[in-house]
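A.B. asks: please work out how this folds:
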Amino acid sequence: MATTKWIIDTTHSEIVFKARHLMITNVSGTFKEFNSELETENEDFENGKISFTAKIDSINTGNDQRDGHLKSDDFFNAEKFPELKFEAKGLARKGDGEYEMDGNLTIRDITRPVKLQVASSGVVNDPWGNVRTGFSVTGKINRKDFGLKWNAVSETGGIMLGDEIKLEAEAQYVKQ
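C.D. replies: Here you go, the predicted model:
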């Protein structure tokens, strides 16, 4: 069976992460520069292989000071480790349009296995003759597993930043 290659449409995709701040709210951020490819052997995407990279320097939380701190050695160290990477081992069908994706996430110089939940939005033909597919992806990681260990204690003794990071992505791919 022939392999089909899909390229992410970054204009219609987004990568979001959320962290607890003072343990009372979530603060969100995105990566503005990223790339992803999907290779499939069939139309239902089962066993599809996905690669993803994001430029750390493109991190955006809506606050320049916080963005600078996240790019520093306290967190991502964008100068020494300019990209984060994810390589999926494959998509495993869990139901109609539902998949589980096992892969390896690399942040800084640390690679760990990650399990993500994936919902397929189907396949459509766009008005320009392209075939497109979309996915909603969710998951969680522990930031300390990847060397993102900075934290502080508030005046009341609470911690500033939670360890669990929620991951969300809306990814639209174009068939090549």
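A.B. asks: could you measure Gly122 against Ile50, distance?
C.D. replies: 17 Å (CB to CB, to the nearest Å). Every residue, glycine included, has its C-beta placed from N, CA and C.
A.B. asks: more neighbours, those two?
C.D. replies: Ile50 (26 against 9; other CB atoms under 10 Å).
A.B. asks: gap between that one and Gly90?
C.D. replies: Taken as CB to CB, the span from Ile50 to Gly90 is 9 Å.
A.B. asks: find residues that contact each of these two.
C.D. replies: Met101 (CB atoms under 8 Å, 6 or more residues apart in numbering).
A.B. asks: please tell me how far Trp128 sits from Asp9.
C.D. replies: Remark: distance between Trp128 and Asp9 (CB to CB) = 12 Å.
A.B. asks: ok, which stretches of the protein are strands?
C.D. replies: 4-8, 14-21, 25-31, 34-40, 49-55, 59-60, 83-95, 98-107, 110-125, 131-142, 161-175 (DSSP state E).
A.B. asks: in the protein, where is pLDDT below threshold?
C.D. replies: 1, 43, 156-158 (pLDDT under 70).
A.B. asks: nearest residue to Phe86 in space, please, no chain neighbours.
C.D. replies: Nearest non-adjacent residue to Phe86, counting by CB to CB, 6 or more residues apart in numbering: Phe52, 4.2 Å away.
A.B. asks: what's the separation between the one you found and Ile110?
C.D. replies: Counting by CB to CB - Phe52 and Ile110 are separated by 16 Å.
A.B. asks: of the two, who's got more company?
C.D. replies: Phe52 (23 against 12).
A.B. asks: which strand residues bridge the more buried one?
C.D. replies: Ser36, Phe86 (DSSP bridges).
A.B. asks: my read: it touches Leu38, true?
C.D. replies: No. Phe52 is beyond contact range of Leu38, at 9.4 Å (criterion: CB atoms under 8 Å).
A.B. asks: burial check on Leu116, number of neighbours?
C.D. replies: Leu116: 22 neighbours (other CB under 10 Å).
A.B. asks: so what's it closest to, chain neighbours aside?
C.D. replies: Leu116 sits nearest to Gly139 (CB to CB, 6+ apart), 3.8 Å away.
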